[in-house]
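> Quick one, what's the 3D model for this:
(chains A and B)
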Amino acid sequence: MSRTNVILLAVLLTAACALPFIVSNYRTFQFTLVLVYAIALLGLNILTGYNGQISLGHGAFYALGAYCAAILMDKMGAPYWVTIPAAGAVCLVAGFLFGLPALRLEGLYLALATFALGVATPQLLKYHHLEKWTGGVQGIVIAKPEAPFGLPINADQWLYFFTLAVTLGMFLLAWNLLRGRIGRALMAIRDHHLAAESMGVHNALYKSLAFGVSALYTGVAGALGAIAVQFVAPDSFNIFLSIMLLVGIVVGGLASISGALYGALFIQFVPNIADEISKAAPWAIFGIFMIGFVYLMPTGVAGAVRLLLARRRSHEI
Amino acid sequence: MDALLFQVLAGLATGGIYASLALALVMIYQATHLVNFAQGEMAMFTTYLAWSLISAGMPYWAAFFITIALGFALGALIERIVIRPVENAPVLAVVVVFIALLVILNSIAGWIYTYTIKAFPSPFPKEPLFGIRYMSAHELGAIGITLVVLATLYLFFRYTPLGLAMRAVAQNPQSSRLVGIRVGWMLALGWGLAAAVGAVAGMMVAPIVYLDPNMMGGILLYAFAAALLGGIDSPMGAVIGGFTVGVLENLLGAFVIGNELKLTVALVLIVGVLLVRPSGFFGSVHVSRV
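Reported below is the predicted structural model:
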């Protein structure tokens, strides 16, 4: 990392820590969701951006994580912080298992299969034999955790800091994972799977592991999201959630870690602004942005930022 | 036995609708090797146009044919404006564009017509036709119209010069261009025809599921399953797949797993076919040389 990057990161972190003391509780809650989405987008980006496996059904893993957290807290009385690793572990296994059949599917067909997963998710959650745990159509209400150790901050602020800590950990993990051997293997598979295979990359293992890790990230995000919203219900995990995550990585930037943050800001705040025009407007705008980015800026916001920085640097020299 | 027969016949009626939509998917797949995720929403949107025309006082059948023409124009227009630029782009870009189309059409319909559910008229009488007590007149009529559409398409592709040109483009665009066929326009025409077929499917299904912007979600999934089951590049397979899936859906729903998990059946079917027999029943087996 260059010195400017370190300084930039430090400034960003300070700003992130100061944020909940400046803005209202509701805004703090919204920024908590931004962090949650950032983790989910990072997860989808590991799979779709870095490994080239298209998933249109990541909402299913988000839902799985959310339900893990809600069931653990509501039915088993587990403390909220336990649910995060638990949701991650469950989703890792689920993602890995879904990744195994996905090995045989390429490109368009994987998109189709995951699209079906995304569409079927709410119905699966409503299934009456699972109602004992999932609460059926009504869903589950969970309590908001209070700040521990008598810290002088309110529940919203505490949750924000908790989420921030988890987000930092997850981003650090992803950064370490993706810039090394594993990251290069994932990208090699994406760019030319035959060449990767002949260079000794175990395609099947890496692809299903990418699916598992990606689901882990999205599941952790789902658990945090459930705690932040204090409520899970089947219909909030419909296909549009999966599509929203896709919008996030396309706008933020494919195969970019910082892109997850831009994408998260976009999917959290743009609907808020667009909602004032019409209830349907956010999605029209999402759609137009998706097409616009594919045509004009395929590397997303992260790519544009990188380009700007590079241009400035060459200017200075 | 009565219940079984009833379920099979009702399944055939919905199967006809799946068959139409699956056929639309296959037509676009054959020409461009792409699966159109927005096919269902295009059908939904044209059905709303039909609703507008009928509400404005137009007789049903006039509205029916005008809607088909509008659907055709919409499909061709989308191909020319939206799909053309990403023709040779990577799969991810194309999928994103299709998904974008899906949400744009969905939200425009919600914007213009609101999300409240609307009733859509059926052109067929309320009482059963020909004294057949197992099927409503609408179900029977829907099957009939599906079969008419299929026959028309078959005749068009088999016996007209334009149909021949379109098949040529689907098989070998380079050579077709060399013999003077306008490849781009043939693709637009294919999209238009697919959208028109989808419009018929939408107008046939709307009286059953009612009209709302999200009505096509589940139906599109079943159409995917049908197209894959029959073989994604085989029109005949799509039709047989559609009827099979329709019957299967009804039988499983009525006797095995209940109605709650209908979409999961489609999911299992899609993943199952892709894993066990990716070419479906009638599709061509794809071999690539490495």
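
> Every contact and neighbour count from this point should use C-alpha atoms.
OK.

> Report the separation between residue B:63 and residue B:205.
Separation of residue B:63 from residue B:205 (C-alpha to C-alpha, to the nearest Å) stands at 16 Å.

> Can you pull the poorly scored residue ranges out of the chain?
Unless you meant another one, I'm taking chain A. Within chain A, the set of residues satisfying pLDDT under 70 comprises A:1, A:316-317.

> wait, I meant chain B there
By pLDDT under 70, the weakly predicted segments of chain B are B:1, B:127-134, B:286, B:288, B:290.

> that older thread, look at residue B:63 and residue B:205 and report which has more neighbours.
residue B:205 (27 against 20; other C-alpha atoms under 10 Å in any protein chain shown).

> Pop out the phi and psi values for the more buried one.
Residue B:205 has phi and psi values of phi -90, psi -20 when expressed as degrees, to the nearest 10.

> before we move on, what about the one 5 residues further on?
Main-chain torsions, residue B:210, degrees, to the nearest 10: phi 70, psi 160.

> Relative to residue B:82, how far out is the residue nearest the centre of chain A?
Centroid-nearest residue in chain A: residue A:40, 0.8 Å away (criterion: C-alpha atoms, centre = their mean). For residue A:40, the distance to residue B:82 (C-alpha to C-alpha) stands at 29 Å.

> To what extent is the nearest residue to residue B:71 once chain neighbours are set aside buried, counted in neighbours?
The shortest distance from residue B:71 to any residue that is not its chain neighbour, by C-alpha to C-alpha, 6 or more residues apart in numbering or on different chains, is 4.9 Å, and that residue is residue B:196. Neighbour count of residue B:196, defined by other C-alpha under 10 Å: 28.

> dump the residue contacts of the residue nearest to the centre of chain A.
A:62, A:217-222, A:245 (C-alpha atoms under 8 Å, 6 or more residues apart in numbering or on different chains).

> looking at this, it is in a helix?
Yes - the secondary structure assignment for residue A:40 places it in a helix, going by DSSP: H, G, I helix; E, B strand; the rest coil.

> Spit out the contact partners of the closest residue to it other than its chain neighbours.
Here the nearest residue to residue A:40 in space, its sequence neighbours aside, is residue A:218; by C-alpha to C-alpha, 6+ apart that works out to 4.2 Å. Neighbour list for residue A:218: A:39-44, A:58, A:61-62, A:65, A:91 [criterion: C-alpha under 8 Å, 6+ apart].

> let's see it at 7 Å
With contact set as C-alpha atoms under 7 Å, 6 or more residues apart in numbering or on different chains, residue A:218 has these partners: A:39-40, A:43, A:61-62.

> re the thing from before, quick one: the residue nearest to the centre of chain A from residue B:85, how far?
30 Å.

> And the helices in chain B, which stretches?
Under the criterion DSSP state H, helices of chain B are mapped to B:2-32, B:39-55, B:60-78, B:91-113, B:137-159, B:161-171, B:173-178, B:183-209, B:216-230, B:235-251, B:262-276.

> for the contacts of residue A:40, which one is nearest residue B:153?
Distances from residue B:153 to the contacts of residue A:40, taken as C-alpha to C-alpha, are shortest for residue A:245 (38.6 Å).

> so how far is residue A:266 from the closest one?
Residue A:245 sits 11 Å away from residue A:266, going by C-alpha to C-alpha.

> same check, this time on residue A:60
Going from residue A:60 to residue A:266 by C-alpha to C-alpha gives 21 Å.

> ditto for residue B:67
37 Å.

> One more: residue A:208?
The spacing between residue A:208 and residue A:266, counted by C-alpha to C-alpha, is 29 Å.

> For the closest residue to residue A:299 other than its chain neighbours, grab the count of nearby residues.
With sequence-adjacent residues excluded and distances taken as C-alpha to C-alpha, 6+ apart, residue A:299 is closest to residue A:253, at 5.0 Å. Per other C-alpha under 10 Å, the neighbour tally for residue A:253 reads 27.

> which SS state does the residue of the stretch 201-317 of chain A found nearest chain B fall under?
Proximity to chain B, evaluated over the stretch 201-317 of chain A using C-alpha to the nearest C-alpha, is greatest for residue A:287 at 4.2 Å. Of the three states, residue A:287 takes helix under three-state DSSP.

> Name all residues that make contact with it.
Applying C-alpha under 7 Å, 6+ apart as the definition, the contact partners of residue A:287 turn out to be B:100-101, B:103-104.

> Excluding covalently adjacent residues, which one is nearest to it?
For residue A:287, ignoring the flanking residues on the chain, the nearest one in space by C-alpha to C-alpha, 6+ apart is residue B:100 at 4.2 Å.

> Residue B:217 versus the closest residue to residue A:127 other than its chain neighbours, what's the distance?
On the basis of C-alpha to C-alpha, 6+ apart, the spatially nearest residue to residue A:127 that is not a chain neighbour turns out to be residue B:260, at 6.4 Å. As for residue B:260, its distance to residue B:217 is 15 Å (criterion: C-alpha to C-alpha).

> The two: which has the busier surroundings?
Each of residue B:260 and residue B:217 had its neighbours counted (other C-alpha under 10 Å), and the higher figure belongs to residue B:217 (18 against 14).

> so how far is chain A from that one?
Taking C-alpha to the nearest C-alpha, to the nearest Å as the criterion, residue B:217 is separated from chain A by 7 Å.
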